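Asks: Would you be able to build a 3D model of this:
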Amino acid sequence: MHHCWKKAVGVLCCWGIMTGLSITSYADNFDQVQLVEAKESAGAEYIELAEETDSQKTDGDVVNVTNVSNTSNASNGASVSGGVVQTKVYDRTAETIASQEAEKEAKAKAEAEAKAAAEAAQAAAEAAALAKTDLRQQVVNFALSFVGGPYRYGGSDPRTGVDCSGFTSYVMRNAAGVNLARSSKGQANNGVAISAEQMQPGDLIFYGGSGGINHVAMYIGGGKIVHASTYSTGIKVSNWNYRTPVKIVNVLG
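Replies: Residues are numbered from 1 along each chain as shown. Below is the predicted model of the structure:
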């Protein structure tokens, strides 16, 4: 009797264990069925990750490398290796910045060179103008150094006597290296004709009479001229319009 009781207890224990396992298995199966049904009803595709990697790896300007397993399609720059999809996205920010900086440097260099060239040209022009101004003043000073010298018709040396064209010819040749015709009429054909408004020190002013051009003087600035006038006055300074000019010529450039 005692033996039968133990046997009955053993049977009951086994039944309880089997019943518990069945209930647990049933619950697990029920959960799995519900999960599958939920997935199918949502229409979603689920991908199990084979391994987890860094979401971003940088190599130069290459970023965003993602490994995904069991993916059926690899596109848009993706490559497949052993069932793993690798997507590479190139970051052009650094390249763009470098290009823009290079353009700025090139532009700044070009502007600096252009500015330097303009400044050099301006300096050269100012130097040339100053040289001309100095030359013109030198010519005027040289001519004025003979004021009071004698007049002599046909003369060519202001120290011994000159006429008007002999005086201007002598001054231009010795002070500026410019060779002029001997007569006033011939000198009127030298250089470039200019207006009274353009007149500068060193320019030649011609006067005429019934026989055409018959006198020449040198403009010295300030509305004045220097010229070999007459026997009685010699080389002197006068107002530039003491007679009506018929032509003004620039022979100094």
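Asks: Please make it C-alpha for all contacts and neighbour counts, starting now.
Replies: OK.
Asks: quick one, strands of the stretch 151-253 of the chain?
Replies: 156-157, 161-162, 192-193, 204-209, 212-221, 224-230, 234-239, 245-250 (DSSP state E, counting those that start in this stretch).
Asks: how about low-confidence regions in the stretch 151-253 of the chain?
Replies: Along the stretch 151-253 of the chain, no part satisfies pLDDT under 70.
Asks: Same list, the strands of the stretch 151-253 of the chain, but as JSON lines with mean neighbour count and distance to L135 please.
Replies: Output for the strands of the stretch 151-253 of the chain, formatted as JSON lines (neighbours: other CA atoms under 10 Å; distance: least, CA to CA, whole Å):
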{"stretch": "strand 156-157", "mean neighbour count": "19", "distance to L135": "21"}
{"stretch": "strand 161-162", "mean neighbour count": "24", "distance to L135": "23"}
{"stretch": "strand 192-193", "mean neighbour count": "16", "distance to L135": "17"}
{"stretch": "strand 204-209", "mean neighbour count": "21", "distance to L135": "15"}
{"stretch": "strand 212-221", "mean neighbour count": "22", "distance to L135": "12"}
{"stretch": "strand 224-230", "mean neighbour count": "23", "distance to L135": "17"}
{"stretch": "strand 234-239", "mean neighbour count": "20", "distance to L135": "20"}
{"stretch": "strand 245-250", "mean neighbour count": "19", "distance to L135": "13"}
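Asks: Run through the residues that contact the closest residue to H215 other than its chain neighbours.
Replies: Counting by CA to CA, 6 or more residues apart in numbering, H215 lies nearest to Y207, which is 5.2 Å off, once chain neighbours are set aside. Y207 makes contact with 213-216, 243-247, according to CA atoms under 8 Å, 6 or more residues apart in numbering.
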